[in-house]
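Structure for this input, please:
(one chain, ligands or ions: 2)
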Amino acid sequence: MSKKSVRDVEVAGKRVFVRVDFNVPVENGQITDDTRIRETLPTIKYLVEQGAKVILAAHFGRPNGQVVEELRLTPVAVKLAELLGQNVFKADQSVGEIVKAQVDALENGDVLLLENVRFNEGEEKNDPELAKAFADLADLFVNDAFGAAHRAHASTSGIAAYIPAVSGLLMEKELDVLGKALNNPERPFTAIVGGSKVKDKIAVIENLLNIADNVLIGGGLSYTFLKAQGYEIGKSLLDNSKLDLALSFIAKAKEKGVNFLLPVDIVVTDKFSADANTQVVDIDSIPADWEGIDIGPKTRALYADVIAKSKLVVWNGPMGVFEIEPFSHGTRAVAEACAKTEGYTVIGGGDSAAATEKFHLAEQMNHMSTGGGASLEFMEGKALPGVVALNDK
Ligand SMILES: Nc1ncnc2c1ncn2[C@@H]1O[C@H](COP(=O)(O)OP(=O)(O)O)[C@@H](O)[C@H]1O
Ligand SMILES: O=C(OP(=O)(O)O)[C@H](O)COP(=O)(O)O
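Ligands and ions are numbered 1, 2, ... in the order given. As a prediction, the model looks like this:
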């Protein structure tokens, strides 16, 4: 069922509690990637232009209900003010009398950023009292935090029990793009799954077999599938508990007529560093003491060809250890093929997005999702608590 959007309600003069995902990477106090902040600007600007009083709430890291000085949102407030081109007030807490007074002092069109909501013990527990305290600050709840929509927390879900709750423009865009991709896909639809989180991604692959025409497997995931088929995989990443499941997926793909591709050759290494010895081997010749670290050139060409012929490509998880240059060629080849294809490309997952940025190809993708875990859970077909909580249209 579709959810009400911020465009469907009156916001002028209202106090609007906007949950955003400002969980950005920071090194030495500097924000190294401000994508998540930039992506919320349309919602914030819309509310400012409509004359709402904008109260922004966000989490940052995992402080576990304690105040952690390094996890304050102060650098985010500075960056947001710069990107927004207007003053951003910053609160040192996210609930309480001082915050109430700061909210009362807001004029129409003002923006106030609350402190890290996870400094409160009740946030991750979805404590109703905390949710009510957030709700008491505002007349309307707008959830624009797609990246945290898979969390049932006080500021993402609980608050919606007390005041009208609608989606923000980024949330709407993410759900629209990912929803279209999965519910009514343009074909051929190719899903590419890589990375190292075998347990997390196995469930996604199962759902993808129901909807995709081609499923391309790469990265650390591949070896559990190769081992299940009887290949020796040396010291490569393996989840022994998923061998039967991996085999059942190969059988399911055959039954459903899905083109399920695994690497045919791989780059192996004798150690996990840039100065390691490497060689390219076919999958039936992986040396016992070596580790598979990237897809090989034949696989790159095979995958690039499938991607070139696709109308829709959804990619989640790198093809190899792209952080180390000699092992980055497979991930680069897939990113380049996605950049080149005329099909619609959706990149989800923190590391695939980081790789795409690193290769300077992000601009050439159609949609870079702000959600890692959230886009995965969405693709698994799971309901996202931060969305479920919103009012129906
Ligand atoms: N063959 C491999 N062996 C070990 N690790 C791998 C391999 N291929 C990719 N990786 C690692 O997987 C990590 C990303 O995995 P994951 O978190 O599942 O992806 P994402 O964040 O895109 O969802 C990267 O840090 C990458 O180095
Ligand atoms: O960065 C996030 O998740 P992601 O790395 O899966 O995209 C979100 O902000 C959620 O954070 P959390 O995983 O600490 O709940």
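
rest of the way, CA atoms for contacts and neighbours
Noted.

now stretch 36-46, how far from the chain's geometric center?
17 Å (C-alpha atoms, centre = their mean, to the nearest Å).

can you check stretch 98-108 too?
That offset, for stretch 98-108, works out to 33 Å (C-alpha atoms, centre = their mean).

how about it: buried residues?
Within stretch 98-108, the residues scored as buried using 16 or more other C-alpha atoms under 10 Å are 99-100, 102-103, 106, 108.

tell me the average confidence for it?
Taken as a whole, stretch 98-108 has a mean pLDDT of 98.

before we move on, what about stretch 18-37?
91.

what does stretch 278-288 give?
On average, stretch 278-288 scores 97.

ditto for stretch 188-207
90.

Could you see whether ligand 2 lies near it?
No - on the criterion C-alpha under 6 Å from any ligand atom, stretch 188-207 is out of touch with ligand 2, staying 11.1 Å away.

May I see the buried residues of that stretch?
So, applying 16+ other C-alpha under 10 Å, buried residues of stretch 188-207: 188-196, 198, 201-206.

In strands, which of those fall?
189-193 (DSSP state E).

Out of the residues you listed, which is nearest to residue 234?
residue 193 (21.7 Å; C-alpha to C-alpha).

The chain against ligand 2: which residues are in contact?
21, 23, 61-62, 147-148, 350, 371-373.

what do you get if the cut-off is 5 Å, keeping everything else the same?
Proximity of the chain to ligand 2 (C-alpha under 5 Å from any ligand atom) is limited to residues 23, 147-148, 371-373.

beta partners for the closest residue to residue 315 other than its chain neighbours?
Leaving aside its chain neighbours, residue 315 sits nearest to residue 192 (4.6 Å; criterion: C-alpha to C-alpha, 6 or more residues apart in numbering). Taking DSSP bridges as the rule, residue 192 bridges to residue 216, residue 315.

these two touch, right, residue 192 and residue 313?
Yes - applying C-alpha atoms under 8 Å, one finds residue 192 in contact with residue 313, separated by 7.5 Å.

tell me the contacts of residue 366?
344-346 (C-alpha atoms under 8 Å, 6 or more residues apart in numbering).

what are the phi and psi angles of it?
The phi/psi pair for residue 366 (degrees, to the nearest 10) reads phi -80, psi -40.

now do the one 10 residues further on
Backbone torsions of residue 376, given as degrees, to the nearest 10, read phi -70, psi -50.

What is the neighbour count of residue 384?
Neighbours of residue 384 under the rule other C-alpha atoms under 10 Å: 19.

Identify the residues contacting it.
Counting by C-alpha under 8 Å, 6+ apart, residue 384 makes contact with 149-151, 374, 377-378.

now, which of the residues you listed lie within strands?
Using DSSP E, no member of the contacts of residue 384 falls in strands.

Which residue in those has the weakest pLDDT?
Where pLDDT dips furthest among the contacts of residue 384: residue 377, at 87.

wait, isn't it in contact with residue 151?
No - using C-alpha under 8 Å, residue 377 is not in contact with residue 151, being 10.5 Å away.

For the stretch 151-300 of the chain, which residue gets nearest to ligand 2?
residue 151 (6.3 Å; C-alpha to the nearest ligand atom).

quick one: buried residues of stretch 129-141?
Neighbour counts over stretch 129-141 (16+ other C-alpha under 10 Å) mark 130-141 as buried.

if you look at those residues, which of them are in strands?
Per DSSP E, the subset of the buried residues of stretch 129-141 in strands is 140-141.

where does residue 265 fall, phi/psi-wise?
According to degrees, to the nearest 10, residue 265 has phi -150, psi 150.
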